[in-house]
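[1] build me a model:
(2 chains)
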Amino acid sequence: MLKSTLIPAACLTLLVAGASAYAASPEKPADYPNRPINIVVAYPPGGGIDLTARTLATQMERITGLQFRVENRPGGGTVVGNTYLAKQAKPDGYTLGLVSNPTMSITIVDQGAPFTKDDIQPIGGITFAPVVWLSNTESKIGKMDFNQIIAYAKAHPGELKVGVIPNGAFDIATRILAKQKGVEFTIVPFQGGKPAAVALLGEHIDLAANYYDEVAQYIDTGKMKALAISDDTPMPQLPGVPTMKDIGVKMAAATWGADRFVGINANVSEEIKTYLADMIEKTLKDEDTRKAFEKVGIVLIPQTAKQEKALYDEAYSAVSEYFAEAHAAAKK
Amino acid sequence: MLEGFLNALTPTSLFVEMLGVVIGIIFGAIPGLTATLGIALFVPVTFLMTAEHGMIMLGGIYAGGIYGGSISAVLINVPGTPASIVTSWEGHALARQGKARFALGMSALASGTGGFISAIAVLFLTPVLSTLALRFGSAEYCSLLIFSLTIVIVMLETPMTSNLLSCCIGLMLVTIGLDPVEGTPRFTFGVIDLMSGFNLVAVLIGFFCMTQAVRLALDSLQKHTENLVDFSGETSLREMLGALGSRIVTHLRSTVIGIFLGILPALGPVETPFIAHAIERRFNRKGEDFGNGSVSGLIASEASISANVGGSLIPLISLGIPGSGAAAVFIGSLTLHGLQPGPLLFANSPEVIYTFFWGFLAVYIFVLLFGLIGARYCAFVLKIPQSVLATFIAIFSILGSYAINNSIFDVVVMFGATAFALWFQVLRFSILPVVMAVILGPLFEQQVVVLTKTQNSVFDILQRPIADCFLLASFLIIVFGVIGRMRKKGARIKALEGMEQIDDA
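    I've put the predicted structure just below:
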């Protein structure tokens, strides 16, 4: 009896020792991977996250010599794909996910997604895109800067219509902003960033919240004006556009936007997780990877597994706090 | 522009144009496998090509797929893609009258020329027409959708109340899923797969493909050995051109409707033929029996679908807004080649765009050629025994509905839709209002939500001329429709009374 418990214990010690040795110089786990690794995307093909996943897959193949495949599992506002990643796929290290926060946190906290925050573990951050608020340059508020628009909104409560995606980062960041500035916007829900951008171009709404890469061409051609971004660090692509700090709004840094990272089922063996995290880190550090991402309009802001975990936890608590407050306010 | 023209005629370009069309026709013609699925599967292949060849091939798959869908629609009454549903009513009815080859040729002709005209519109009118996509706000969308639903409810021969009821059932079905305001799950009962609602393609495969498989199976069980349709009837190109020539107004009207609906970002090739067909039914003066083998109906359907594809490229190229689901895949493909569709694309890489435009024009010529020459070889489908055919359709319906999202749930939805459609048949209700409501419902709800947030009063809506036109037209259709039906009813009662009097005498 004693012997039979001793042997696994000894093996475990060896394994742990082995794992720490891997951490120092990443080596391939034995017999892994022996088939292509899937990257699950909870969106249909062609969108920003899909693009990120496909570019990552190509670059990972180039650097690691392994095979990666992108698998689209759209539906249920990302819940279908992320549930597959967190619960349904085997935790054998062959299923990764390209996940976007705070969207995923919101589905857990507010929309009853059937998995918890700890079912998914981030193993590498790719980029963070803040929300950009935009106006149509030809509209009546097209010449105003951010502060002038806030002044206008104060004088005309509820008149300015802001296009957002309901209950996503666009919506929540806009509500936080409006509350702190003491203004009232009419929030118009759209089923995607593109329809809202179209409505702004057609002057059916006055402002829109969107991501830079979706509207870059409209800004470059002078059809839209970027007013502010939902982060404390300025965006290199939008020099001179005020941050939340600049306009005096307190908002969790690098949270309300799109934090795109690679996630994996938390039950996957540590050995594989460490190996994959190292491979992702190595790929994202590479100069040609940066260029490949830039070519499709994505500026890399790589995070190690550890850094990304911290961001992940912060985003979750920010989302939980927001909804706790919102629900308490609704009860009053 | 000239350079693009020459690029589109190089041997490689011609090869990808042809290859795309052939792949598309195969995907389209097999019921259950759709053109969109074909595109999705071949997008990775295009990464190996240059951007313009990749786009041309996708365009070819798409155009070929839409045409291929019509082949199975005409021959076995199974729309190969959801866009061919309308074609199946008219085309298959024609085939049953022994005009299968004529119907196939007509659909190739209408589809090819419709697409050709739309490609020309894309080439020359893109800057002019692109602003139309921006003019259309929620008020315009809502009134257009009300107009479309009204036409179907009033113009179908089945009792108006049953049409209205079916339409409401369809609208209720699409409320399942996340609501567009708060993102709260509705009628999902905790089932995650229901959060995005029923998948439209799965529902349509159930309504039209699986249902027909069941019907064919029943037929073969009851030992109906006669051929589904007769394919022997010869038809000359001259006859077809004559038929098209005498309906040139129908063709142009439907092409314009197709381009117009294509420009609107929210209406794609699935919705378009319904609207074009309904409008044609209202305005056609030829006295044809719509829904039962009307050549005008067939032309309206085919021309509008192809024109829609061309139309959807206009906002895509000029504004970066996809006009349909397939166009969205084009955007993804372009972006992966490092090209951002939108206002800057014309300025930065005009050669890619013009090559694609001309290639797209060439694609429609290939569709036309394949359709006219290849149609005679389709007869082999009819030599297959009905029981085998039913099995194949059933297998591909299951495969096709699974392949949309790799989800077994969609297969279950497909079977549910089949049961629903069969039940409607037993009740002698028309499934069409349900289909229209299921297809247009989600868009209608989204636009109503935006409308209520952006317009302060009814007066605001009435100040928008485009919306007013649609609302007025809907109103007139209701008034005249009701009067027309009452007259008919009156005439029938009179006739009955007359017969009674004769009996009395």
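[2] ok, which stretches of the stretch 101-250 of chain B are strands?
    Per DSSP state E, counting those that start in this stretch, the stretch 101-250 of chain B carries strands over the ranges B:177-178, B:185-186.
[3] which elements pack onto the last one?
    For strand B:185-186, the contact count by 3 or more C-beta pairs under 8 Å, 6 or more residues apart in numbering or on different chains; DSSP states H and E identifies strand B:177-178 as packing neighbours. Every C-beta, even on glycine, is put in place using the N, C-alpha and C of the backbone.
[4] where in chain B is pLDDT low?
    B:1, B:223-235, B:323-326, B:328, B:332, B:341-343, B:379, B:498-505 (pLDDT under 70).
[5] biggest helix in it, by residue count?
    Criterion DSSP state H: the longest helix present in chain B is helix B:465-504.
[6] close to chain A, is it?
    No - using C-beta under 8 Å from any C-beta of the partner chain, we find that helix B:465-504 stays clear of chain A, coming within 12.2 Å at best.
[7] sec struct for A:Ala208, please.
    Taking DSSP: H, G, I helix; E, B strand; the rest coil as the rule, one finds A:Ala208 in the strand state.
[8] on that earlier part again, tell me which of the strands of the stretch 101-250 of chain B is the most buried.
    Across the strands of the stretch 101-250 of chain B, averaging neighbours per residue (mean count of other C-beta atoms under 10 Å in any protein chain shown) puts strand B:177-178 on top, at a mean of 20.
[9] partner strands of it, parallel or antiparallel?
    strand B:185-186 (antiparallel) (DSSP bridges).
[10] chain center to the longest helix of chain B: distance?
    The chain centroid and the centroid of helix B:465-504 are separated by 30 Å under C-alpha atoms, centre = their mean, to the nearest Å.
[11] from the contact counts, what lies against it?
    For helix B:465-504, the elements it packs on are helix B:138-155, helix B:160-173, judged by 3+ C-beta pairs under 8 Å, 6+ apart.
[12] where's B:Val45 relative to B:Asn405, distance?
    Computed with C-beta to C-beta, to the nearest Å, the distance linking B:Val45 and B:Asn405 is 21 Å.
[13] counting neighbours around each, name which of these two comes out higher.
    Per other C-beta atoms under 10 Å in any protein chain shown, whichever of B:Val45 and B:Asn405 has more neighbours is B:Asn405, with 21 against 14.
[14] re earlier: which one of the strands of the stretch 101-250 of chain B lies nearest to A:Leu207?
    Nearest of the strands of the stretch 101-250 of chain B to A:Leu207, taken as C-beta to C-beta: strand B:177-178 at 23.9 Å.
[15] what's next to the closest one, contact-wise?
    The contact list for strand B:177-178, computed with C-beta atoms under 8 Å, 6 or more residues apart in numbering or on different chains, reads A:Gly76, A:Gly77, A:Gln111, B:Thr184, B:Pro185, B:Arg186, B:Phe187, B:Thr188, B:Leu194, B:Met195, B:Ser196, B:Gly197.
[16] okay, now the third one: neighbour count?
    Right, the one you point to is A:Gln111. 18.
[17] using JSON lines, lay out the helices and strands packed on helix B:465-504 together with distance to chain A.
    JSON lines is the format used below for the helices and strands packed on helix B:465-504 (distance: least, C-beta to the nearest C-beta, whole Å):
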{"stretch": "helix B:138-155", "distance to chain A": "7"}
{"stretch": "helix B:160-173", "distance to chain A": "17"}
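[18] got TSV for the ones you listed, with distance to B:Gly32 and mean neighbour count too?
    Listed next are the helices and strands packed on helix B:465-504 as TSV, based on distance: least, C-beta to C-beta, whole Å; neighbours: other C-beta atoms under 10 Å in any protein chain shown:
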stretch	distance to B:Gly32	mean neighbour count
helix B:138-155	25	23
helix B:160-173	21	18
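[19] out of these, which is closest to A:Phe170?
    Closest to A:Phe170 of the helices and strands packed on helix B:465-504, according to C-beta to C-beta: helix B:138-155, at 18.3 Å.
[20] mind listing what's buried along stretch B:477-494?
    B:Ile477, B:Gly481 (16 or more other C-beta atoms under 10 Å in any protein chain shown).
[21] residue 29: what's it in contact with?
    Using chain A. A:Tyr22, A:Ser269, A:Glu271, A:Ile272, A:Tyr275 are the contacts of A:Pro29 under C-beta under 8 Å, 6+ apart.
[22] actually chain B
    Taking C-beta under 8 Å, 6+ apart, we find B:Ala29 in contact with B:Gly68, B:Gly69, B:Ile71, B:Ser72, B:Gly80.
[23] filter those residues down to just the ones in helices.
    Among the contacts of B:Ala29, the members found in helices (DSSP H) are B:Gly68, B:Gly69, B:Ile71, B:Ser72.
[24] picking that back up, adding distance to B:Thr12, write the helices and strands packed on helix B:465-504 out as a markdown table.
    Formatted as a markdown table, the helices and strands packed on helix B:465-504 follow (distance: least, C-beta to C-beta, whole Å):
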| stretch | distance to B:Thr12 |
| --- | --- |
| helix B:138-155 | 41 |
| helix B:160-173 | 46 |
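[25] let me know the angle separating the longest helix of chain B from helix B:138-155.
    Helix B:465-504 and helix B:138-155 meet at an angle of 10 degrees, taking axes from the mean of the first three to the mean of the last three C-alpha atoms, to 10 degrees as the criterion.
[26] burial check on B:Leu476, number of neighbours?
    Neighbours of B:Leu476 under the rule other C-beta under 10 Å: 11.
[27] do you know how far it is from B:Met210?
    Counting by C-beta to C-beta, the gap from B:Leu476 to B:Met210 is 38 Å.
[28] return the closest of the ones in helices among the contacts of B:Ala29 with respect to B:Ala243.
    Among the ones in helices among the contacts of B:Ala29, and counting by C-beta to C-beta, the member closest to B:Ala243 is B:Ile71, at 18.6 Å.
[29] ok, now which ones touch the closest one?
    Shown in contact with B:Ile71 (C-beta under 8 Å, 6+ apart): B:Ile25, B:Gly28, B:Ala29, B:Gly80, B:Leu104, B:Ala375, B:Cys378.
[30] OK, contacts around whatever residue of the stretch 51-200 of chain A ends up closest to chain B?
    Closest approach between the stretch 51-200 of chain A and chain B, counting by C-beta to the nearest C-beta: A:Gly76, at 3.2 Å. Counting by C-beta under 8 Å, 6+ apart, A:Gly76 makes contact with B:Gly177, B:Leu178, B:Ile192, B:Asp193, B:Leu194, B:Met195, B:Ser196.
[31] and whatever helix or strand A:Lys179 lives in, what does it pack onto?
    Using DSSP states H and E, A:Lys179 sits within helix A:169-181. In terms of contacts (3+ C-beta pairs under 8 Å, 6+ apart), helix A:169-181 is packed against strand A:120-136, helix A:146-155, strand A:161-164, strand A:186-189, strand A:207-211, strand A:257-265.
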